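Asker: Provide a 3D model corresponding to the input given below.
(chains A and B)
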Amino acid sequence: MSETHISDIASHSGQDITIKGWLYNIRSSGKLMFPEIRDGSGIIQGVVSKKDVDERVWNDFQRLTQESSIIVRGKVREHPKRPGVFELDVADVDIIQIAEPYPITPKEHGIEFLMEHRHLWLRSQRSYAILKVRAEVVRAIHDYLDSNGFVLMETPILTPAACEGTTTLFEVDYFDEKAFLTQSGQLYNEATAAAFGRVYTFGPAFRAEKSKTRRHLTEFWMVEPEIAYMDLDGLMTLSENFLSYIVQRVIEKRAVELESLGRDITKLESVKPPFPRITYDEAAKMLDEGHKKGELENAFEYGSDFGSPDETYVSSQFDRPVMVHRYPAQVKAFYMEPDPEDATKALGVDVLAPEGNGEIIGGGQRMVSHDLLVQRIHEHNLPMDAFEWYVDLRKYGTYPHSGFGMGVERCVRWICGIEHIRETVPFPRMLHSIRP
RNA sequence: UCCUGAGUAGCUCAAUGGCAGAGCAUCCGGCUGUUAACCGGAGGGUUGUAGGUUCGAGUCCUACCUCAGGAGCCA
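Answerer: From the prediction side, this is the model:
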């Protein structure tokens, strides 16, 4: 009898196998029991027939509770009513533990209760599907970048100062010195890109902002490619190829999981280059018209950054991600290269995911001029000494370069078509929420 | 941080200011193809916390706590 994973069950039809897992649910019908067994790779229905098993096995199954850990032996056979579906004709069981009454029952639960029991909620089929998609997204990110000449560069998580200074950071004690958890690896990547040409960093980022929305985590994962001698147009081309690769890969590998989440896959199939590219001014015009048509409640104030309802409106006008570029310089980060055609604009781009999802990528062309960069650091009242090494990059072979950051959880949320970002990571960290 | 809403059995929810209830889960019993199985029975409560109004408060008032939804900020 070989040990088998439920995901491979179809290739073991007619064979005696062993499954090590947990009891997901059990139904009984007098002298028949139908335990559903979960092993991390899938779920299979067992059939226990009173007349075919030892009395000990029958009695053991009667004692089992939801999520009891068990080792089950039996023969794989096709479901009598469902062609292509396999079930296990159970012969024997070893009980590792009879679980205590399981808090998460097969009925519905509120989100507060589920979040308090996240360590158990992970075993649900919904969490399973989402986190399998997440793992596929992460693999696709690495595969795309690794096979396109990018070198993985880990950047520090403990940092001496803000990358952008504008957002709130988590402070830690670093041997009696103040240090902060990183909010982005970008500035360090501008140094590694000058050494390796094409680099990316992939790691956690931390934001202590008091954001309480379905798009925000305080701890999230971000992938940040940085490319020497690439301009804004090149960056937009990279963005659309990168995102399209990820989405098509998930459709190819995780269609079953997407369907179990009720995702309309046809809405993902259109995610292929080219993505529409519109300027900030064009987006502002769309928002104006949307407001006049009554489709957007609040009027957009030209010159400001897009609010959440604005992003939702613009992104819902397209069937694939839309790239909005050339924002007013004053609403963007200090290191953005000014547009040579219009110095009030910055060569930045945000990629807004469709179906109202909003921003999943933000990036742009980085500033080349030493003197202008120093001026911007002063204008933003940033501590010059913390940025000396960064300014140095503009003294020793300054170079045009571009990069972006993509929030992994936002990407997963969009691909899965789920409402809240908290389900896209095993243990989400949110405002006032750090347990379990 | 601001705005809005909600806290009643382990869970999901009912209860005109007047006896705190149902379904699921748990326990006991029944059923040979069940699919959130079903049928019968049992146990299970400091109504978020602290005050107040009232003959009487789950219900009305005040404060606080927790959670949810939204805004701002951002990936």
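Asker: who's sitting farthest from the centroid in chain A?
Answerer: A:Lys51 (49.2 Å; C-alpha atoms, centre = their mean).
Asker: How many residues are close by the residue lying closest to that one once chain neighbours are set aside?
Answerer: For A:Lys51, ignoring the flanking residues on the chain, the nearest one in space by C-beta to C-beta, 6 or more residues apart in numbering is A:Lys31 at 6.8 Å. Bear in mind the C-beta positions are built from the backbone N, C-alpha and C, glycine included. Using other C-beta atoms under 10 Å, A:Lys31 has 11 other residues around it.
Asker: what's across from A:Ile70 in the sheet?
Answerer: Beta bridges link A:Ile70 to A:Gly21, A:Ile95, judged by DSSP bridges.
Asker: swap in the one 5 residues further on?
Answerer: For A:Lys75, the beta-bridge partners are A:Asp16, A:Asp89 (DSSP bridges).
Asker: contacting residues around A:Pro338?
Answerer: A:329, A:345-347, A:367, A:372 (C-beta atoms under 8 Å, 6 or more residues apart in numbering).
Asker: Mind checking which of the residues you listed are buried?
Answerer: Neighbour counting over the contacts of A:Pro338 (16 or more other C-beta atoms under 10 Å) leaves A:329, A:345-347, A:367 as the buried ones.
Asker: Can you pull the phi/psi pair for A:Ser315?
Answerer: Main-chain torsions, A:Ser315, degrees, to the nearest 10: phi -70, psi -30.
Asker: Low-confidence regions, the stretch 151-300 of chain A specifically.
Answerer: The model of the stretch 151-300 of chain A has pLDDT under 70 over residues A:161-167.
Asker: Point out the residues in it that sit beside RNA strand B.
Answerer: Neighbours of RNA strand B within the stretch 151-300 of chain A, by C-beta under 7 Å from any atom of the strand: A:166-167, A:184, A:207, A:209-218, A:220, A:222.
Asker: Quick one, which of those are buried?
Answerer: With burial judged by 16+ other C-beta under 10 Å, the buried subset of these is A:184, A:207, A:215-218, A:220, A:222.
Asker: which of the residues you listed lies closest to A:Asp385?
Answerer: The closest of those to A:Asp385 turns out to be A:Ser184 (C-beta to C-beta; 19.5 Å).
Asker: Kindly list the main-chain dihedrals of that closest one?
Answerer: Dihedral pair for A:Ser184: phi -180, psi 150, per degrees, to the nearest 10.
Asker: Would you mind confirming that it is in contact with A:Trp221?
Answerer: No: the pair A:Ser184 / A:Trp221 is not scored as a contact, 12.0 Å apart, by C-beta atoms under 8 Å.
Asker: what does the model give the residue in the stretch 301-436 of chain A that RNA strand B sits nearest to for pLDDT?
Answerer: Nearest residue of the stretch 301-436 of chain A to RNA strand B, counting by C-beta to the nearest atom of the strand: A:Gly307, 2.3 Å away. For A:Gly307, the pLDDT comes out at 86.
Asker: so how many other residues sit close to A:Arg326?
Answerer: The number of residues packed near A:Arg326 is 24, by other C-beta under 10 Å.
Asker: wait, I meant A:Tyr144
Answerer: Neighbourhood size, A:Tyr144 [other C-beta under 10 Å]: 21.
Asker: Now the closest residue to RNA strand B within the stretch 1-150 of chain A. Its backbone dihedrals?
Answerer: Residue of the stretch 1-150 of chain A nearest RNA strand B, by C-beta to the nearest atom of the strand: A:Gly30 (2.1 Å). Dihedral angles of A:Gly30 (phi, psi; degrees, to the nearest 10) stand at phi 70, psi -100.
Asker: Also A:Leu122?
Answerer: Phi and psi for A:Leu122, reported as degrees, to the nearest 10, are phi -60, psi -20.
Asker: got it, and A:Ile278?
Answerer: With angles defined as degrees, to the nearest 10, A:Ile278 sits at phi -130, psi 150.
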